[in-house]
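Colleague: got a predicted model here, sequence first, then my questions.
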Amino acid sequence: MTKTSAARKLDIPYTQLPAEITTILDGYSDPSILVSADYRILAANRAYRNHYSQGDNLFNRYCYEISHNNSVSCDQAGEQCPLQNSRTTGEPHRLLHVHHTPNGTEHVYVETRPIRNKAGHILYYVEILRHTGIASTDSKTQGLVGNSPAFNRMLELAQRVAASETTVLLVGESGTGKELVARAIHEASERSKLPFVPVECSGLTESLFESEFFGHEKGAFTGAYAQKIGLVEAVHGGTLLLDEIGDIPLPLQVKLLRLLETGTYRRVGSVESKYTDFRLICATHRDLKKMVEVGAFRQDLYYRLNTFPITLPALRQRREDLPLLINTLLRRMTEPRKLSLHPDTIEILTNYHFPGNIRELRNILERASLLVDSNTILPMHLPEECRNAKNKLFQGQTPSDSGQRPNQGKWLGMETPGEIVPLHMVEERYLRQILANHQAAKWKLAEKLGISERTLYRKLHALRTTPLP
(Lines give C-alpha, C1' and ligand atoms only; values in the text may rest on other atoms or scores of the structure.)
Protein backbone atom coordinates (compact mmCIF):
# COMPACT_ATOMS: atom_id res chain seq x y z
CA MET A 1 0.00 0.00 0.00
CA THR A 2 1.38 3.42 -0.93
CA LYS A 3 1.43 6.37 1.43
CA THR A 4 -1.20 8.08 -0.64
CA SER A 5 -3.63 5.14 -0.57
CA ALA A 6 -3.01 4.61 3.14
CA ALA A 7 -3.75 8.27 3.79
CA ARG A 8 -6.93 8.10 1.73
CA LYS A 9 -8.03 5.09 3.79
CA LEU A 10 -7.48 7.10 6.97
CA ASP A 11 -9.20 10.29 5.74
CA ILE A 12 -6.12 12.47 6.22
CA PRO A 13 -3.33 13.80 4.00
CA TYR A 14 -0.35 11.50 4.46
CA THR A 15 2.05 14.43 4.88
CA GLN A 16 0.51 15.22 8.27
CA LEU A 17 1.33 11.89 9.88
CA PRO A 18 4.29 9.54 10.19
CA ALA A 19 3.88 6.38 8.15
CA GLU A 20 3.96 4.29 11.33
CA ILE A 21 0.65 5.80 12.45
CA THR A 22 -1.28 4.35 9.53
CA THR A 23 0.20 0.94 10.29
CA ILE A 24 -0.77 1.16 13.96
CA LEU A 25 -4.39 2.05 13.27
CA ASP A 26 -4.76 -0.45 10.46
CA GLY A 27 -3.55 -3.19 12.80
CA TYR A 28 -6.58 -2.88 15.12
CA SER A 29 -9.71 -4.79 14.28
CA ASP A 30 -11.69 -2.68 16.77
CA PRO A 31 -12.76 0.88 15.88
CA SER A 32 -9.70 3.08 16.46
CA ILE A 33 -8.84 6.73 15.98
CA LEU A 34 -5.86 9.02 16.30
CA VAL A 35 -6.72 12.20 18.20
CA SER A 36 -4.89 15.36 19.16
CA ALA A 37 -4.68 16.73 22.69
CA ASP A 38 -7.65 19.01 21.93
CA TYR A 39 -9.90 16.03 21.04
CA ARG A 40 -9.72 16.43 17.24
CA ILE A 41 -9.77 13.29 15.12
CA LEU A 42 -6.67 13.14 12.94
CA ALA A 43 -7.24 9.68 11.49
CA ALA A 44 -9.67 6.77 11.75
CA ASN A 45 -9.44 3.15 10.68
CA ARG A 46 -12.05 1.42 8.57
CA ALA A 47 -13.80 -0.20 11.54
CA TYR A 48 -14.37 3.20 13.17
CA ARG A 49 -15.63 4.80 9.97
CA ASN A 50 -18.03 1.93 9.31
CA HIS A 51 -19.38 2.03 12.87
CA TYR A 52 -19.62 5.77 13.54
CA SER A 53 -19.22 8.01 10.52
CA GLN A 54 -22.19 7.16 8.25
CA GLY A 55 -19.96 8.07 5.31
CA ASP A 56 -19.05 11.55 6.64
CA ASN A 57 -15.52 12.89 6.63
CA LEU A 58 -14.14 12.61 10.16
CA PHE A 59 -10.93 14.61 9.79
CA ASN A 60 -10.59 17.44 12.31
CA ARG A 61 -13.94 16.76 13.97
CA TYR A 62 -14.10 16.31 17.74
CA CYS A 63 -14.23 12.77 19.09
CA TYR A 64 -16.97 13.69 21.61
CA GLU A 65 -19.05 15.12 18.76
CA ILE A 66 -18.99 11.75 16.99
CA SER A 67 -19.29 9.44 19.99
CA HIS A 68 -21.60 11.49 22.25
CA ASN A 69 -23.41 13.95 19.97
CA ASN A 70 -22.06 16.55 22.37
CA SER A 71 -20.69 20.06 21.98
CA VAL A 72 -18.20 19.84 24.88
CA SER A 73 -15.72 17.21 26.02
CA CYS A 74 -16.82 14.47 28.41
CA ASP A 75 -15.06 15.98 31.43
CA GLN A 76 -16.95 19.26 30.86
CA ALA A 77 -20.23 17.35 30.54
CA GLY A 78 -19.93 15.77 33.99
CA GLU A 79 -18.34 12.48 32.88
CA GLN A 80 -14.86 11.02 33.14
CA CYS A 81 -12.75 11.33 30.00
CA PRO A 82 -10.03 8.76 29.19
CA LEU A 83 -8.18 11.26 26.99
CA GLN A 84 -8.20 13.85 29.76
CA ASN A 85 -6.85 11.26 32.20
CA SER A 86 -4.08 10.28 29.77
CA ARG A 87 -3.19 13.93 29.26
CA THR A 88 -2.92 14.39 33.02
CA THR A 89 -0.89 11.25 33.79
CA GLY A 90 0.89 10.63 30.49
CA GLU A 91 -0.12 6.97 30.81
CA PRO A 92 -2.62 4.72 29.01
CA HIS A 93 -6.10 4.84 30.46
CA ARG A 94 -9.20 2.68 30.04
CA LEU A 95 -12.78 3.66 30.81
CA LEU A 96 -16.31 2.47 30.15
CA HIS A 97 -18.45 4.93 28.19
CA VAL A 98 -21.86 4.95 26.54
CA HIS A 99 -21.40 5.90 22.88
CA HIS A 100 -23.92 6.94 20.25
CA THR A 101 -23.85 5.08 16.95
CA PRO A 102 -26.11 5.13 13.87
CA ASN A 103 -27.75 2.02 15.36
CA GLY A 104 -28.33 3.48 18.83
CA THR A 105 -26.31 3.66 22.05
CA GLU A 106 -23.95 1.00 23.33
CA HIS A 107 -21.49 0.41 26.16
CA VAL A 108 -17.92 0.78 24.92
CA TYR A 109 -14.55 0.34 26.60
CA VAL A 110 -12.37 3.26 25.49
CA GLU A 111 -8.63 2.69 25.81
CA THR A 112 -6.40 5.73 25.27
CA ARG A 113 -2.69 5.30 24.52
CA PRO A 114 -0.24 8.22 24.21
CA ILE A 115 2.06 8.24 21.16
CA ARG A 116 5.46 9.81 21.87
CA ASN A 117 8.34 10.99 19.73
CA LYS A 118 11.98 10.00 20.29
CA ALA A 119 12.37 12.79 22.84
CA GLY A 120 9.48 11.37 24.89
CA HIS A 121 7.02 14.14 24.10
CA ILE A 122 3.40 13.13 23.47
CA LEU A 123 2.35 13.89 19.89
CA TYR A 124 -1.00 12.13 19.58
CA TYR A 125 -3.32 9.71 21.36
CA VAL A 126 -4.68 6.48 19.97
CA GLU A 127 -8.20 5.60 21.14
CA ILE A 128 -9.35 2.00 20.76
CA LEU A 129 -13.07 1.37 21.23
CA ARG A 130 -14.11 -2.14 22.22
CA HIS A 131 -17.79 -2.99 22.42
CA THR A 132 -18.76 -4.79 25.62
CA GLY A 133 -21.58 -7.29 25.45
CA ILE A 134 -21.91 -7.54 29.23
CA ALA A 135 -24.88 -5.11 29.27
CA SER A 136 -27.03 -3.07 26.92
CA THR A 137 -28.92 0.21 26.63
CA ASP A 138 -31.51 -1.49 24.41
CA SER A 139 -34.75 -2.67 26.04
CA LYS A 140 -35.08 -5.39 23.39
CA THR A 141 -32.04 -7.33 24.63
CA GLN A 142 -31.77 -9.88 27.41
CA GLY A 143 -29.59 -9.57 30.50
CA LEU A 144 -28.41 -6.36 32.15
CA VAL A 145 -29.73 -3.02 30.92
CA GLY A 146 -28.86 0.45 32.12
CA ASN A 147 -27.28 3.77 31.27
CA SER A 148 -27.01 5.72 34.54
CA PRO A 149 -23.65 6.78 36.05
CA ALA A 150 -24.13 4.45 39.04
CA PHE A 151 -24.92 1.50 36.76
CA ASN A 152 -21.97 2.27 34.47
CA ARG A 153 -19.55 2.42 37.41
CA MET A 154 -20.69 -1.02 38.52
CA LEU A 155 -20.54 -2.31 34.95
CA GLU A 156 -16.97 -1.10 34.45
CA LEU A 157 -15.80 -3.07 37.49
CA ALA A 158 -17.64 -6.17 36.28
CA GLN A 159 -16.09 -5.83 32.82
CA ARG A 160 -12.59 -5.36 34.22
CA VAL A 161 -12.73 -8.45 36.43
CA ALA A 162 -14.56 -10.73 33.99
CA ALA A 163 -11.51 -11.85 32.00
CA SER A 164 -9.53 -12.78 35.13
CA GLU A 165 -9.82 -15.68 37.57
CA THR A 166 -10.23 -13.34 40.55
CA THR A 167 -12.89 -14.13 43.16
CA VAL A 168 -15.71 -11.55 43.02
CA LEU A 169 -17.91 -10.42 45.91
CA LEU A 170 -21.17 -8.79 44.81
CA VAL A 171 -22.69 -6.61 47.53
CA GLY A 172 -26.10 -5.02 47.24
CA GLU A 173 -29.61 -4.83 48.59
CA SER A 174 -32.10 -7.56 47.88
CA GLY A 175 -33.52 -7.29 44.38
CA THR A 176 -30.65 -5.38 42.76
CA GLY A 177 -29.85 -8.17 40.30
CA LYS A 178 -26.77 -9.81 41.82
CA GLU A 179 -27.33 -13.12 40.03
CA LEU A 180 -27.72 -11.32 36.69
CA VAL A 181 -24.41 -9.53 37.23
CA ALA A 182 -22.72 -12.79 38.21
CA ARG A 183 -24.02 -14.50 35.08
CA ALA A 184 -22.85 -11.56 32.95
CA ILE A 185 -19.35 -11.83 34.44
CA HIS A 186 -19.34 -15.56 33.69
CA GLU A 187 -20.49 -15.04 30.10
CA ALA A 188 -17.75 -12.46 29.52
CA SER A 189 -15.05 -14.78 30.89
CA GLU A 190 -13.03 -17.55 29.28
CA ARG A 191 -15.22 -20.05 31.16
CA SER A 192 -18.39 -18.93 29.37
CA LYS A 193 -18.79 -22.22 27.48
CA LEU A 194 -18.69 -24.19 30.72
CA PRO A 195 -21.33 -24.47 33.50
CA PHE A 196 -22.65 -21.57 35.56
CA VAL A 197 -24.03 -23.00 38.80
CA PRO A 198 -25.88 -20.72 41.28
CA VAL A 199 -26.29 -21.99 44.83
CA GLU A 200 -28.67 -20.42 47.37
CA CYS A 201 -26.82 -20.61 50.69
CA SER A 202 -29.71 -19.56 52.93
CA GLY A 203 -31.08 -22.39 55.06
CA LEU A 204 -28.30 -24.90 54.33
CA THR A 205 -27.80 -27.37 57.16
CA GLU A 206 -24.42 -29.05 57.67
CA SER A 207 -25.54 -32.42 56.30
CA LEU A 208 -27.31 -30.84 53.34
CA PHE A 209 -24.29 -28.63 52.63
CA GLU A 210 -21.91 -31.60 52.39
CA SER A 211 -24.28 -33.72 50.35
CA GLU A 212 -25.21 -30.93 47.93
CA PHE A 213 -21.72 -29.51 47.58
CA PHE A 214 -19.52 -32.60 47.65
CA GLY A 215 -21.95 -35.37 46.69
CA HIS A 216 -22.14 -38.76 48.39
CA GLU A 217 -21.44 -42.42 47.80
CA LYS A 218 -24.11 -45.09 47.66
CA GLY A 219 -24.98 -46.21 51.19
CA ALA A 220 -23.16 -43.26 52.84
CA PHE A 221 -26.22 -42.60 54.99
CA THR A 222 -29.84 -43.67 55.31
CA GLY A 223 -31.60 -42.87 52.06
CA ALA A 224 -28.42 -42.70 49.96
CA TYR A 225 -29.60 -45.35 47.49
CA ALA A 226 -27.27 -44.23 44.70
CA GLN A 227 -24.09 -42.28 44.20
CA LYS A 228 -24.63 -38.53 43.79
CA ILE A 229 -22.35 -35.99 42.11
CA GLY A 230 -21.98 -32.76 44.10
CA LEU A 231 -22.23 -29.21 42.81
CA VAL A 232 -18.47 -28.59 43.00
CA GLU A 233 -17.94 -31.58 40.74
CA ALA A 234 -20.70 -30.54 38.36
CA VAL A 235 -19.31 -26.99 38.07
CA HIS A 236 -15.77 -28.16 37.24
CA GLY A 237 -14.24 -25.71 34.77
CA GLY A 238 -17.10 -23.23 35.11
CA THR A 239 -18.31 -20.59 37.55
CA LEU A 240 -19.88 -21.18 40.96
CA LEU A 241 -22.15 -18.49 42.42
CA LEU A 242 -22.68 -18.69 46.17
CA ASP A 243 -25.70 -16.48 46.69
CA GLU A 244 -26.27 -14.97 50.15
CA ILE A 245 -22.89 -16.18 51.37
CA GLY A 246 -23.46 -14.27 54.62
CA ASP A 247 -26.15 -16.78 55.64
CA ILE A 248 -23.78 -19.77 55.82
CA PRO A 249 -23.42 -20.93 59.48
CA LEU A 250 -19.97 -20.77 61.05
CA PRO A 251 -19.36 -24.58 61.09
CA LEU A 252 -19.93 -24.73 57.33
CA GLN A 253 -17.67 -21.78 56.69
CA VAL A 254 -14.67 -23.90 57.75
CA LYS A 255 -15.45 -26.54 55.12
CA LEU A 256 -16.03 -23.92 52.45
CA LEU A 257 -12.70 -22.24 53.27
CA ARG A 258 -10.83 -25.55 52.93
CA LEU A 259 -12.44 -26.17 49.54
CA LEU A 260 -11.45 -22.71 48.32
CA GLU A 261 -7.90 -22.93 49.68
CA THR A 262 -7.04 -26.41 48.38
CA GLY A 263 -9.55 -27.09 45.61
CA THR A 264 -10.01 -30.58 47.05
CA TYR A 265 -12.99 -32.32 48.62
CA ARG A 266 -14.34 -35.78 49.45
CA ARG A 267 -17.77 -37.13 48.73
CA VAL A 268 -19.72 -38.05 51.83
CA GLY A 269 -18.88 -41.68 52.61
CA SER A 270 -15.65 -41.67 50.56
CA VAL A 271 -11.99 -41.52 51.59
CA GLU A 272 -10.78 -40.50 48.13
CA SER A 273 -9.88 -36.84 47.65
CA LYS A 274 -11.05 -35.26 44.42
CA TYR A 275 -9.97 -32.02 42.78
CA THR A 276 -12.18 -29.37 41.21
CA ASP A 277 -11.45 -26.14 39.37
CA PHE A 278 -13.98 -23.32 39.24
CA ARG A 279 -14.29 -19.54 39.26
CA LEU A 280 -15.98 -18.29 42.43
CA ILE A 281 -18.46 -15.44 42.63
CA CYS A 282 -20.22 -14.67 45.91
CA ALA A 283 -23.18 -12.42 46.58
CA THR A 284 -24.69 -10.98 49.75
CA HIS A 285 -26.96 -8.24 51.03
CA ARG A 286 -25.23 -8.33 54.43
CA ASP A 287 -22.30 -6.29 55.72
CA LEU A 288 -19.73 -9.07 56.03
CA LYS A 289 -17.15 -6.80 57.62
CA LYS A 290 -19.50 -6.02 60.51
CA MET A 291 -20.35 -9.72 60.77
CA VAL A 292 -16.62 -10.44 61.18
CA GLU A 293 -16.41 -7.83 63.94
CA VAL A 294 -19.22 -9.48 65.93
CA GLY A 295 -17.95 -13.01 65.29
CA ALA A 296 -20.74 -14.10 62.92
CA PHE A 297 -18.44 -14.60 59.93
CA ARG A 298 -14.91 -16.02 59.78
CA GLN A 299 -12.25 -13.39 59.20
CA ASP A 300 -10.05 -15.70 57.10
CA LEU A 301 -12.98 -16.60 54.85
CA TYR A 302 -13.94 -12.92 54.53
CA TYR A 303 -10.50 -11.95 53.26
CA ARG A 304 -10.53 -14.95 50.93
CA LEU A 305 -13.81 -13.77 49.38
CA ASN A 306 -13.29 -10.01 49.46
CA THR A 307 -10.64 -9.92 46.71
CA PHE A 308 -12.67 -7.82 44.29
CA PRO A 309 -15.87 -6.38 45.81
CA ILE A 310 -18.47 -4.79 43.53
CA THR A 311 -21.33 -2.78 45.01
CA LEU A 312 -24.58 -2.95 43.06
CA PRO A 313 -26.54 0.33 43.18
CA ALA A 314 -30.04 0.34 44.57
CA LEU A 315 -32.77 1.39 42.14
CA ARG A 316 -33.19 4.72 43.94
CA GLN A 317 -29.51 5.38 43.11
CA ARG A 318 -30.06 4.84 39.39
CA ARG A 319 -33.43 6.46 38.75
CA GLU A 320 -32.21 7.59 35.32
CA ASP A 321 -32.59 3.93 34.29
CA LEU A 322 -36.27 3.70 35.26
CA PRO A 323 -37.72 4.32 31.76
CA LEU A 324 -35.35 1.75 30.22
CA LEU A 325 -36.04 -0.80 32.96
CA ILE A 326 -39.79 -0.30 32.69
CA ASN A 327 -39.76 -0.76 28.91
CA THR A 328 -37.53 -3.82 29.21
CA LEU A 329 -39.60 -5.52 31.92
CA LEU A 330 -42.91 -4.79 30.21
CA ARG A 331 -41.62 -6.18 26.93
CA ARG A 332 -40.31 -9.34 28.57
CA MET A 333 -43.46 -9.94 30.62
CA THR A 334 -46.31 -8.87 28.37
CA GLU A 335 -45.41 -9.63 24.75
CA PRO A 336 -47.24 -9.60 22.39
CA ARG A 337 -49.21 -6.92 24.27
CA LYS A 338 -47.89 -3.37 23.84
CA LEU A 339 -48.38 -1.73 27.23
CA SER A 340 -47.33 1.79 28.11
CA LEU A 341 -47.50 3.98 31.21
CA HIS A 342 -49.60 7.09 31.65
CA PRO A 343 -47.44 10.18 32.47
CA ASP A 344 -48.96 10.32 35.96
CA THR A 345 -47.98 6.68 36.49
CA ILE A 346 -44.41 7.43 35.45
CA GLU A 347 -44.34 10.40 37.85
CA ILE A 348 -45.47 8.20 40.74
CA LEU A 349 -42.87 5.52 40.02
CA THR A 350 -40.14 8.13 39.58
CA ASN A 351 -40.77 9.43 43.09
CA TYR A 352 -41.18 6.00 44.72
CA HIS A 353 -38.24 4.75 46.82
CA PHE A 354 -38.41 1.02 45.77
CA PRO A 355 -37.21 -0.79 48.92
CA GLY A 356 -37.38 -4.03 46.93
CA ASN A 357 -35.41 -2.53 44.01
CA ILE A 358 -35.74 -4.04 40.52
CA ARG A 359 -37.49 -7.15 41.83
CA GLU A 360 -40.18 -4.93 43.35
CA LEU A 361 -40.46 -2.91 40.12
CA ARG A 362 -41.00 -6.12 38.21
CA ASN A 363 -43.71 -7.24 40.64
CA ILE A 364 -45.44 -3.84 40.40
CA LEU A 365 -45.48 -3.95 36.61
CA GLU A 366 -46.60 -7.58 36.49
CA ARG A 367 -49.49 -6.83 38.85
CA ALA A 368 -50.45 -3.75 36.84
CA SER A 369 -50.37 -5.67 33.56
CA LEU A 370 -52.94 -8.10 34.99
CA LEU A 371 -55.20 -5.32 36.23
CA VAL A 372 -55.24 -3.14 33.12
CA ASP A 373 -57.79 -3.91 30.41
CA SER A 374 -56.51 -1.32 27.94
CA ASN A 375 -52.96 -0.69 26.79
CA THR A 376 -52.20 2.11 29.28
CA ILE A 377 -51.21 1.50 32.90
CA LEU A 378 -52.85 4.17 35.09
CA PRO A 379 -52.04 5.20 38.67
CA MET A 380 -55.04 3.19 39.88
CA HIS A 381 -53.25 0.02 38.72
CA LEU A 382 -50.30 0.65 41.04
CA PRO A 383 -50.10 -0.63 44.64
CA GLU A 384 -51.29 1.72 47.36
CA GLU A 385 -47.78 2.18 48.81
CA CYS A 386 -46.67 3.64 45.46
CA ARG A 387 -49.58 6.03 45.17
CA ASN A 388 -49.06 7.24 48.73
CA ALA A 389 -45.36 8.03 48.24
CA LYS A 390 -44.50 11.39 49.79
CA ASN A 391 -41.48 12.23 47.62
CA LYS A 392 -42.65 15.27 45.65
CA LEU A 393 -40.75 17.62 43.39
CA PHE A 394 -40.94 20.58 45.78
CA GLN A 395 -41.35 19.18 49.25
CA GLY A 396 -43.45 21.41 51.44
CA GLN A 397 -44.20 23.90 48.63
CA THR A 398 -47.28 23.88 46.42
CA PRO A 399 -48.44 26.26 43.73
CA SER A 400 -51.03 28.79 44.77
CA ASP A 401 -54.26 29.42 42.90
CA SER A 402 -52.53 32.13 40.88
CA GLY A 403 -50.02 29.61 39.55
CA GLN A 404 -47.05 31.12 41.42
CA ARG A 405 -45.07 29.52 44.24
CA PRO A 406 -44.90 31.05 47.73
CA ASN A 407 -41.92 33.34 48.28
CA GLN A 408 -41.41 33.59 44.55
CA GLY A 409 -38.72 36.25 45.01
CA LYS A 410 -36.64 33.73 46.94
CA TRP A 411 -37.12 31.09 44.23
CA LEU A 412 -35.89 33.56 41.61
CA GLY A 413 -32.69 34.13 43.59
CA MET A 414 -33.64 37.62 44.85
CA GLU A 415 -33.61 38.66 48.49
CA THR A 416 -36.31 41.30 47.87
CA PRO A 417 -38.84 41.67 45.04
CA GLY A 418 -37.16 44.85 43.77
CA GLU A 419 -33.60 43.53 43.82
CA ILE A 420 -31.82 43.23 40.46
CA VAL A 421 -28.94 40.76 40.20
CA PRO A 422 -26.97 39.41 37.21
CA LEU A 423 -28.77 36.65 35.31
CA HIS A 424 -25.99 34.10 35.83
CA MET A 425 -26.31 34.63 39.60
CA VAL A 426 -30.07 34.12 39.42
CA GLU A 427 -29.47 30.82 37.62
CA GLU A 428 -26.85 29.70 40.12
CA ARG A 429 -29.04 30.48 43.12
CA TYR A 430 -32.06 28.90 41.48
CA LEU A 431 -30.17 25.68 40.72
CA ARG A 432 -28.85 25.46 44.27
CA GLN A 433 -32.38 25.84 45.65
CA ILE A 434 -33.74 23.28 43.20
CA LEU A 435 -31.05 20.76 44.16
CA ALA A 436 -31.74 21.27 47.85
CA ASN A 437 -35.46 20.51 47.40
CA HIS A 438 -35.56 18.14 44.45
CA GLN A 439 -34.66 14.50 45.09
CA ALA A 440 -35.75 13.01 41.77
CA ALA A 441 -33.45 11.76 39.02
CA LYS A 442 -31.26 14.19 37.09
CA TRP A 443 -32.93 13.27 33.80
CA LYS A 444 -36.30 14.18 35.30
CA LEU A 445 -34.98 17.47 36.63
CA ALA A 446 -33.45 18.31 33.24
CA GLU A 447 -36.77 17.54 31.58
CA LYS A 448 -38.64 19.88 33.93
CA LEU A 449 -36.04 22.62 33.41
CA GLY A 450 -36.36 22.27 29.63
CA ILE A 451 -32.69 21.42 29.04
CA SER A 452 -30.74 18.28 28.10
CA GLU A 453 -29.31 16.06 30.81
CA ARG A 454 -25.75 16.80 29.61
CA THR A 455 -26.41 20.53 29.81
CA LEU A 456 -27.64 20.06 33.37
CA TYR A 457 -24.51 18.11 34.32
CA ARG A 458 -22.37 20.87 32.81
CA LYS A 459 -24.18 23.50 34.87
CA LEU A 460 -23.83 21.38 38.01
CA HIS A 461 -20.12 21.04 37.34
CA ALA A 462 -19.90 24.84 37.11
CA LEU A 463 -21.76 25.12 40.43
CA ARG A 464 -19.20 22.91 42.16
CA THR A 465 -16.42 25.25 41.06
CA THR A 466 -18.32 28.45 41.94
CA PRO A 467 -18.32 29.74 45.54
CA LEU A 468 -21.64 30.29 47.24
CA PRO A 469 -22.97 33.87 46.68
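Modeller: Thanks, I have it.
Colleague: secondary structure element for Arg432?
Modeller: helix 423-437 (DSSP states H and E).
Colleague: number of residues surrounding Leu250?
Modeller: 11 (other CB atoms under 10 Å). (Each C-beta comes from the backbone N, C-alpha and C, glycine too.)
Colleague: please name the nearest non-neighbouring residue to it.
Modeller: Nearest residue to Leu250, sequence neighbours excluded (CB to CB, 6 or more residues apart in numbering): Arg298, at 6.7 Å.
Colleague: can you check the pLDDT for that neighbour?
Modeller: pLDDT for Arg298: 95.
Colleague: just give me the neighbour total for it.
Modeller: 19.
Colleague: hang on, it packs against Val292?
Modeller: Yes - under the criterion of CB atoms under 8 Å, Arg298 makes contact with Val292 at 7.5 Å.
Colleague: the helices in the stretch 301-450 of the chain, which residues?
Modeller: All helices of the stretch 301-450 of the chain, identified by DSSP state H, counting those that start in this stretch, fall at 322-334, 343-350, 357-371, 384-387, 408-411, 423-437, 442-449.
Colleague: lowest average pLDDT across the ones you listed?
Modeller: helix 408-411 (a mean of 43).
Colleague: any low-confidence regions in the protein?
Modeller: 1-20, 22, 55, 138-141, 389-425, 436-441, 450, 463-469 (pLDDT under 70).
Colleague: domain-wise, how is it divided?
Modeller: 3-131, 149-311, 316-387, 408-464 (automatic domain parsing).
Colleague: who are the neighbours in contact with Gly216?
Modeller: Careful, residue 216 is His and not Gly. Contact analysis of His216 by CB atoms under 8 Å, 6 or more residues apart in numbering lists 210, 224, 227-228, 230, 267-270.
Colleague: please state the offset of stretch 57-65 from the chain centre?
Modeller: Distance, stretch centre to chain centre, for stretch 57-65: 27 Å (CA atoms, centre = their mean, to the nearest Å).
Colleague: and that stretch, how far apart are its ends?
Modeller: Using CA to CA, to the nearest Å, one end of stretch 57-65 lies 13 Å from the other.
Colleague: list the buried residues for that stretch?
Modeller: Of all the residues in stretch 57-65, those buried under the rule 16 or more other CB atoms under 10 Å are 58, 61-65.
Colleague: just the closest of these to Ser192, please.
Modeller: Cys63 (31.5 Å; CB to CB).
Colleague: next, count neighbours for Leu315.
Modeller: 24.
Colleague: wait, Arg61 sits on Asp38?
Modeller: No - Arg61 lies out of contact with Asp38 (CB under 8 Å); the separation is 11.8 Å.
Colleague: roughly how far is stretch 250-262 from the heart of the chain?
Modeller: 32 Å.
Colleague: show me what counts as buried in it.
Modeller: 252-253, 255-257, 259-260.
Colleague: go through stretch 376-387 and flag the buried ones.
Modeller: 377, 379, 381-382, 386.
Colleague: can you lay out those as a markdown table showing distance to Leu435?
Modeller: What follows is the buried residues of stretch 376-387, written out as a markdown table (distance: CB to CB, whole Å):
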| residue | distance to Leu435 |
| --- | --- |
| Ile377 | 30 |
| Pro379 | 27 |
| His381 | 32 |
| Leu382 | 28 |
| Cys386 | 25 |
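Colleague: from these, which two are the most distant?
Modeller: Ile377 and Cys386 (11.4 Å).
Colleague: is the closest residue to Pro309 other than its chain neighbours in a helix, a strand, or coil?
Modeller: Among residues not flanking Pro309 along the chain, Leu169 sits closest, at 4.6 Å (CB to CB, 6+ apart). In three-state terms, and counting by DSSP: H, G, I helix; E, B strand; the rest coil, Leu169 is strand.
Colleague: show me what Leu169 is bridged to.
Modeller: For Leu169, the beta-bridge partners are Cys282, Pro309 (DSSP bridges).
Colleague: just give me the neighbour total for it.
Modeller: Counted with other CB under 10 Å, Leu169 comes out at 21.
Colleague: correct me, but it touches Ile310?
Modeller: Yes - in this structure, Leu169 is within contact of Ile310 by CB under 8 Å, at 7.1 Å.
Colleague: picking up where we left off before, how about the helices of the stretch 301-450 of the chain in CSV, adding distance to Val98?
Modeller: Shown next, in CSV, are the helices of the stretch 301-450 of the chain (distance: least, CB to CB, whole Å):
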stretch, distance to Val98
helix 322-334, 11
helix 343-350, 21
helix 357-371, 19
helix 384-387, 29
helix 408-411, 34
helix 423-437, 24
helix 442-449, 13
